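> build the 3D model from these lines:
(chains A and B)
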Amino acid sequence: AQSVTQLDSHVSVSEGTPVLLRCNYSSSYSPSLFWYVQHPNKGLQLLLKYTSAATLVKGINGFEAEFKKSETSFHLTKPSAHMSDAAEYFCVVSQNTGFQKLVFGTGTRLLVSP
Amino acid sequence: NAGVTQTPKFQVLKTGQSMTLQCAQDMNHNSMYWYRQDPGMGLRLIYYSASEGTTDKGEVPNGYNVSRLNKREFSLRLESAAPSQTSVYFCASRLATNEQFFGPGTRLTVL
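Residues are numbered from 1 along each chain as shown, chains lettered A, B, ... in the order given. So this is what the prediction gives:
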């Protein structure tokens, strides 16, 4: 069975400061991991994905995430927040065997203040 | 290339009414999915279709039916809507890799 835990329901930062959104996962198999972003009243957009290649994954808009198997974590970071980063972020796990179904975390809402 | 499209964007139903949510993708993807999104619960899989002609239940299929009409289209039907089905519904399609592409969503309210 697979599961995802996003450790913070809300994160508040000031513009120009670093962003850290935390995610822990559980998977019986070698997982694929994703971060999706959802802006208000919009669909979900893929930020980045890990699929057993490099453990440090770079995504769009300056975001990156590091896969740490020993800690079962896949935290999302950005060096400097921008106002346009305010959105909801979902950590997602999928197994790499059989028919892949995505399991979503409950989301972290990122608030960015001027 | 429109990606994944969904209609309608908004819908209000009365309890007991029926309706069909439409989804289409123009990326030639084999797999398609229907999710519902409720506050504080992330997205939950309702039904999926691994390929044209096949459909399978996801995590929360009760009260829904689906049809994979052809490779492009995957519809979700509510036969007798209930207030518990008030939600935002997302359709998605998938590449050969695990990445899924999402539509803009349908916001459904059942009174």
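
> so the closest residue to chain B within chain A versus A:T72, what's the distance?
Residue nearest to chain B within chain A (CB to the nearest CB): A:F104, separated by 3.7 Å. C-beta coordinates here come from the backbone N, C-alpha and C atoms, glycine included. As for A:F104, its distance to A:T72 is 17 Å (criterion: CB to CB, to the nearest Å).

> near chain B, which residues of chain A?
A:9, A:32, A:34, A:36, A:41-46, A:49, A:51, A:90, A:94, A:96, A:99-102, A:104-107 (CB under 8 Å from any CB of the partner chain).

> okay, buried residues for the helix or strand bottoming out on mean pLDDT in chain A please.
Lowest by mean pLDDT, DSSP states H and E among the helices and strands of chain A is strand A:102-104, with a mean of 88. When burial is assessed from 16 or more other CB atoms under 10 Å in any protein chain shown, strand A:102-104 yields the following buried residues: A:L102, A:V103, A:F104.

> check the offset of stretch A:8-24 from the chain's centre.
Mean-position distance between stretch A:8-24 and its chain equals 11 Å (CA atoms, centre = their mean, to the nearest Å).

> point me to the residue of chain B nearest chain A.
Counting by CB to the nearest CB, chain B gets nearest chain A through B:G42, at 3.7 Å.

> run a quick neighbour tally on that residue.
By other CB atoms under 10 Å in any protein chain shown, 20 other residues sit near B:G42.

> residue contacts, the nearest residue in space to it that is not next to it in sequence?
Of all residues not flanking B:G42 in the chain, A:F104 sits nearest, at 3.7 Å (CB to CB, 6 or more residues apart in numbering or on different chains). Neighbour list for A:F104: A:V4, A:F90, A:C91, A:V92, B:G42, B:L43, B:R44 [criterion: CB atoms under 8 Å, 6 or more residues apart in numbering or on different chains].

> strand partners (parallel or antiparallel) of the helix or strand hosting the second one?
Taking DSSP states H and E as the criterion, the element that holds A:F90 is strand A:87-95. The pairing partners recorded for strand A:87-95 under DSSP bridges are strand A:31-38 (antiparallel), strand A:102-104 (antiparallel), strand A:108-113 (antiparallel).

> list the beta-bridge partners for residue 90.
Since you didn't name a chain, this refers to chain A. Beta-bridge partners of A:F90, as defined by DSSP bridges: A:Y36.

> correction: the question concerned chain B.
Going by DSSP bridges, B:F90 forms beta bridges with B:Y35.
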